[in-house]
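In: Got a predicted model here, sequence first, then my questions.
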Amino acid sequence: MQPLQWNGKSLLVLDQTLLPEQEVWDDCDTYELVAEAIEKMKVRGAPAIGATAAYGIAIGANAPDALALDKGPYLAYLEAVNERLAKTRPTAVNLFWAIKRMRGLIAANTDLSVAELGELITREANLIAEEDVRLNKRIGQNGLQFIPENARILTHCNTGSLATFDYGTALGVIRAAHEQGRVQHVYADETRPYLQGARLTAFELHRDNIPVTVVTDSMAGYLMQQKMVDLVIVGADRIAANGDAANKIGTYSLAVLAKHHGIPFYVAAPMSTLDYEMETGDEIEIEQRSADEVIFIGGKRMVPEGVPALHPAFDVTPHELITAIITDQGNAWQPNTEAMLKLK
Ligand SMILES: CSC[C@H]1O[C@H](OP(=O)(O)O)[C@H](O)[C@@H]1O
């Protein structure tokens with residue numbers, strides 16, 4: 001199930017905060033509504049956020065008031081649209097990758113008319129979306145080499161169709177392995193506090209008839225100790241040049257447990273998630289979200305009034321704990337290897 005639908009003028013966003021019980025689509029016909037959909041995590045997932053921002057820029061670029069502007073003011077307005085979308089969430093580099101790509105396109109085509117530039121930006125947003133699905137399927141194929149027969153896989157958060165334009169990254173590898181009949185079972189961490197695993201990964205895999213069981217995040221160590229897991233595979237929101245990977249909070253704990261139990265730990269992501277401007281994961285900004293997202297579940301208070309809660313939305317897994325990074329280019333890399341650094 002794709003999280004986004006482009007109808008040529010506006011972006012229909014599947015409100016993931018309401019899944020799995022309700023399938024509600026928001027019609028985002030302004031770039032501000034698109035920005036708010038990202039901030040409120042109606043749409044989430046690094047590659048999906050990148051594609052969403054691209055369409056947000058396209059919507060802004062083709063707004064009637066914008067198309068009435070002279071070239072100079074129009075270009076200044078486009079930069080204001082880029083800036084607004086860049087402020088939505090700080091960790092997933094795919095957002096900034098998409099904005100940088102649009103900025104480059106605009107800068108290279110200032111000779112076009114306002115209307116022509118608006119059309120070009122829309123075409124680029126469609127290209128980004130189409131590329132994402134193709135790259136995810138390549139990630140899936142590249143990941144097959146690491147999936148044994150009768151694999152019992154533990155995964156964290158949601159890295160499937162709902163986190164991308166379609167197919168998924170880590171779940172893309174799981175889908176490709178399932179197509180080969182290699183997946184015995186998937187254990188999906190519920191992934192508190194947003195519950196991407198319980199609400200979204202289980203939703204996707206169940207619909208695809210891929211055997212899945214939801215576990216609480218605290219059960220991961222038990223599963224490994226009981227020898228119920230053959231490998232762990234997760235996504236990423238930003239990967240530094242040395243292979244340190246930022247991903248949903250709880251990923252680092254999984255990597256430490258996997259190392260302790262001698263279980264392979266894989267990260268799957270498109271090349272647009274690699275950030276060569278960051279030498280190590282120490283530089284990656286970790287989004288701090290509202291404590292209310294921890295304190296309340298489904299609107300019900302879980303923490304006594306007056307007691308604070310922390311909510312770092314991501315953590316960074318050092319490359320030493322990652323067995324391999326699986327991308328859409330070439331094969332997988334042992335992080336911090338010359339091969340990865342050469343890909344600049
Ligand atoms: C396909 S990578 C998705 C990536 O994004 C998630 O974060 P969020 O749900 O907060 O956008 C999580 O880190 C996933 O691994």
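Out: Looks like it arrived, so ask away. Numbers count the residues shown, from 1 in each chain.
In: use CA for all of it now, contacts and neighbours both
Out: Noted.
In: Now the closest residue to Thr201 other than its chain neighbours: which helix or strand?
Out: Once flanking residues are discounted, Thr201 sits nearest to Asn158: 5.1 Å by CA to CA, 6 or more residues apart in numbering. For Asn158, there is no host helix or strand (DSSP states H and E).
In: List the contacts of Asn158.
Out: 45, 171, 196-197, 200-201, 235 (CA atoms under 8 Å, 6 or more residues apart in numbering).
In: Could you pull up the contacting residues of Ile326?
Out: Taking CA under 8 Å, 6+ apart, one finds 139, 142-143, 266-269, 332-333 in contact with Ile326.
In: any idea of the pLDDT on it?
Out: With respect to pLDDT, Ile326 scores 94.
In: Give me every residue in the stretch 151-300 of the chain lying close to the ligand.
Out: Counting by CA under 6 Å from any ligand atom, the positions of the stretch 151-300 of the chain adjacent to the ligand are 157-159, 163-164, 168-169, 235-237, 247-248.
In: For the closest residue to Val133 other than its chain neighbours, what is the enclosing helix or strand?
Out: Take Val133 and drop its neighbours on the chain: the residue closest to it by CA to CA, 6+ apart is Asp166, 5.4 Å away. Under DSSP H and E, no helix or strand contains Asp166.
In: so what's Asp166 up against?
Out: Residues in contact with Asp166 (CA under 8 Å, 6+ apart) are 1-3, 132-133, 136, 160.
In: hmm, 10 Å instead?
Out: Contact analysis of Asp166 by CA atoms under 10 Å, 6 or more residues apart in numbering lists 1-4, 47-48, 129-130, 132-134, 136-137, 159-160, 172.
In: Check Met41 too.
Out: Met41 neighbours (CA under 10 Å, 6+ apart): 15-17, 35, 49, 88-89, 194.
In: As JSON lines, the contacts of Ile326 with distance to Ala66, pLDDT and secondary structure would be great.
Out: Formatted as JSON lines, these follow (distance: CA to CA, whole Å; pLDDT from 0 to 100; DSSP: H, G, I helix; E, B strand; the rest coil):
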{"residue": "Ile139", "distance to Ala66": "38", "pLDDT": "95", "secondary structure": "helix"}
{"residue": "Asn142", "distance to Ala66": "43", "pLDDT": "93", "secondary structure": "helix"}
{"residue": "Gly143", "distance to Ala66": "44", "pLDDT": "94", "secondary structure": "helix"}
{"residue": "Tyr266", "distance to Ala66": "45", "pLDDT": "96", "secondary structure": "strand"}
{"residue": "Val267", "distance to Ala66": "41", "pLDDT": "96", "secondary structure": "strand"}
{"residue": "Ala268", "distance to Ala66": "39", "pLDDT": "96", "secondary structure": "strand"}
{"residue": "Ala269", "distance to Ala66": "35", "pLDDT": "96", "secondary structure": "coil"}
{"residue": "Ala332", "distance to Ala66": "44", "pLDDT": "63", "secondary structure": "coil"}
{"residue": "Trp333", "distance to Ala66": "45", "pLDDT": "71", "secondary structure": "strand"}
